[in-house]
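Engineer: Sequence first, then the predicted structure, then my questions.
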Amino acid sequence: MLFSGLADRLQDTFRRLKGKGRLSETDVSECLREVRIALLEADVNFKVVKDFTSRVKERAVGQDVMESLTPAHQVIKIVHEELTVMMGGTQSRVALASEPPTVIMMVGLQGSGKTTSAAKLARYFLEQGKRPMLVAADLHRPAAVEQLKVLGKQLSIPVVSIEGETDPLKVVASVREYSMSHLRDVVIVDTAGRLHIDLELMNELVKIKKTVKPHEILLVVDAMTGQDALNVAESFHASVGIDGVILTKMDGDARGGAALSVKAVTGRPVKFVGNGEKIDALDAFYPDRMASRILGMGDMLSLIEKATASIDVEKALAMDKKLRKDEFTLNEFLEQMQALKKMGSMEQLLGMIPGMGNKVKQLRDAKIDEKEIGRTEAIIRSMTAKERRDPSIINGSRRIRIANGSGTRVQDVNRLLKQFLEAKKMMKRMQEMQKGGRKPSSFKMPFMQ
């Protein structure tokens, strides 16, 4: 999980602070010492940490805070506000041109995920109702052009390239005319990277910039590189000039310090974060929401947005009708699993729920089994249509066949069938309780062991 180590440390620190009742200046200083250590361990730039803790302390030891009935909550509120400011304050959107097309130039080092991010950004604009196109101007990395063509085909959008061309300036020379003749209002130019920053790379990027006159230059940075990400951002900004940053691989073991530091160090905000390899794994970056998640306050807005994007309204209405008629079968059970899977990892989703912040670590350590969802899918898909509609016919020999077909054990099939029956009972109880105005009892899904 993004910032998991930092979140755990900060939440533990503030839990101890809340247990003290009224606070002394010494209490605040000790708390901020823990906060400083947590931020440094998360790879946040040391100058940024120093400025942050100074601002928090100056506000936290004020008379209105120290004499408050809930001083600990006031300190947490201040930390939340300062974290938000550190990361940029508000969401920074891509600036669209007043007259199409909007030209976006992607830059970054080789291996940062720049080409994939270009396609992800194109998909993002498709969802916004735009008509994007991609330009394959990375002619240095073998297969970069072909990779972009494959991604463009997945999205059903055009990819401009010139077969056998070695000069990227010739590729980008007529992209504006092409976009206008093909009614494309967003042009995303994928440029070359290097394994390291060099003069040749920067000169090429400057020439492309002069040719395409981009409205936005977005730097793609690998979050796994930690402090090096900030050095890369500073170098690109000094040489080419950047308008924002896309941080990739934030779903891995990244400690998150680059996301917290980049705005303070470069003056340019993080605009998007990549949370996986899939083409839809790109999220807009909201500083206030991220600060809430780090402090264990949840992020219901992002959770609602994910749910809205993943849920098919017609299917949801059809599901409701089936539940009312007590027609909940394994087909519907599988649909629920797939909808849940689209929303992201369970750890990410739980971290967005208010009040779950201090429980995510325990759930991460002991209870969440992401692979269980995949096993559930495999088992159900190994059943016949009749078995999915009526699981009561699944006898011993059928269970062996299903286990063999799904690469699982008979015990796994038995457990799934038991969980399905529990889910069906729960759905029925929920329908009854909705009529009676009562709250439904708790239920553990298959991924909660």
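Structural biologist: Happy to help now that I have it.

Engineer: ok, and the closest non-adjacent residue to residue 51?
Structural biologist: What sits nearest to residue 51 in space, not counting adjacent residues and going by CB to CB, 6 or more residues apart in numbering, is residue 264, at 7.3 Å. Any C-beta I mention is one placed from the backbone N, CA and C, and that applies to glycine too.

Engineer: my guess is the one you found meets residue 55, correct?
Structural biologist: No. The criterion here is CB atoms under 8 Å, and residue 264 misses it with residue 55 at 11.3 Å.

Engineer: which residues of this structure fall in strands?
Structural biologist: Ranges of strands in the chain, per DSSP state E, are 102-108, 132-137, 159-160, 186-191, 216-222, 244-248, 270-274, 282-284.

Engineer: of those strands, which approaches residue 169 most closely?
Structural biologist: Relative to residue 169, the nearest member of these by CB to CB is strand 132-137, separated by 8.5 Å.

Engineer: what's the distance between the residue nearest the centre of the chain and residue 391?
Structural biologist: Central residue of the chain (CA atoms, centre = their mean): residue 275, 4.2 Å from the mean position. Residue 275 sits 35 Å away from residue 391, going by CB to CB, to the nearest Å.

Engineer: And for residue 39?
Structural biologist: According to CB to CB, residue 39 stands 52 Å off from residue 391.

Engineer: go on, residue 62?
Structural biologist: Using CB to CB, residue 62 is found at 63 Å from residue 391.

Engineer: Just want to know which of these two has more residues nearby.
Structural biologist: When neighbours are counted by other CB atoms under 10 Å, residue 62 and residue 391 differ, and residue 391 comes out ahead with 19 against 13.

Engineer: contact partners of stretch 265-273?
Structural biologist: 2, 45, 47-48, 87-88, 92-94, 117, 120-121, 124, 218-219, 223, 230, 233-234, 237, 242-248, 250, 259, 262-263, 282-285 (CB atoms under 8 Å, 6 or more residues apart in numbering).

Engineer: 6 Å instead, please
Structural biologist: Among residues not part of stretch 265-273, those counted as contacts by CB atoms under 6 Å, 6 or more residues apart in numbering are 45, 88, 92, 230, 233-234, 237, 242, 244-247, 250, 259, 262-263, 282-283, 285.

Engineer: Could I get the average pLDDT for it?
Structural biologist: Averaged across stretch 265-273, the pLDDT comes to 90.

Engineer: Might you quantify the distance of that stretch from its chain's geometric centre?
Structural biologist: For stretch 265-273, the separation from the chain centroid amounts to 15 Å (computed by CA atoms, centre = their mean, to the nearest Å).

Engineer: So, low pLDDT: which residues of the chain?
Structural biologist: Counting by pLDDT under 70, the chain contains low-confidence ranges at 1-5, 19-22, 63-69, 251-256, 296-327, 338-371, 427, 429-449.

Engineer: give me the number of residues near residue 174?
Structural biologist: For residue 174, the neighbour count with other CB under 10 Å is 13.

Engineer: typo on my end, residue 128
Structural biologist: Other residues within reach of residue 128 by the criterion other CB under 10 Å amount to 11.

Engineer: cool, the one 10 residues further on as well?
Structural biologist: Residues lying near residue 138 (other CB under 10 Å) number 24.

Engineer: any idea how far the nearest residue to residue 282 once chain neighbours are set aside lies from residue 92?
Structural biologist: Using CB to CB, 6+ apart and skipping residues adjacent in sequence, the residue nearest residue 282 is residue 120, 3.8 Å away. Using CB to CB, residue 120 is found at 17 Å from residue 92.

Engineer: Give me the more crowded residue out of the two.
Structural biologist: Neighbour comparison, residue 120 and residue 92: the larger count goes to residue 120, with 25 against 21 (by other CB under 10 Å).

Engineer: so who does residue 244 touch?
Structural biologist: Remark: with contacts taken as CB under 6 Å, 6+ apart, residue 244 is in contact with 218, 268, 269, 271.

Engineer: separation between it and residue 288?
Structural biologist: Here the criterion is CB to CB. By it, residue 244 lies 17 Å from residue 288.

Engineer: Ok, residue 386 next?
Structural biologist: When CB to CB is applied, the distance between residue 386 and residue 288 equals 51 Å.

Engineer: Among the two, which residue is more densely surrounded?
Structural biologist: Each of residue 386 and residue 288 has its neighbours counted (other CB under 10 Å); residue 288 has more, 19 against 10.
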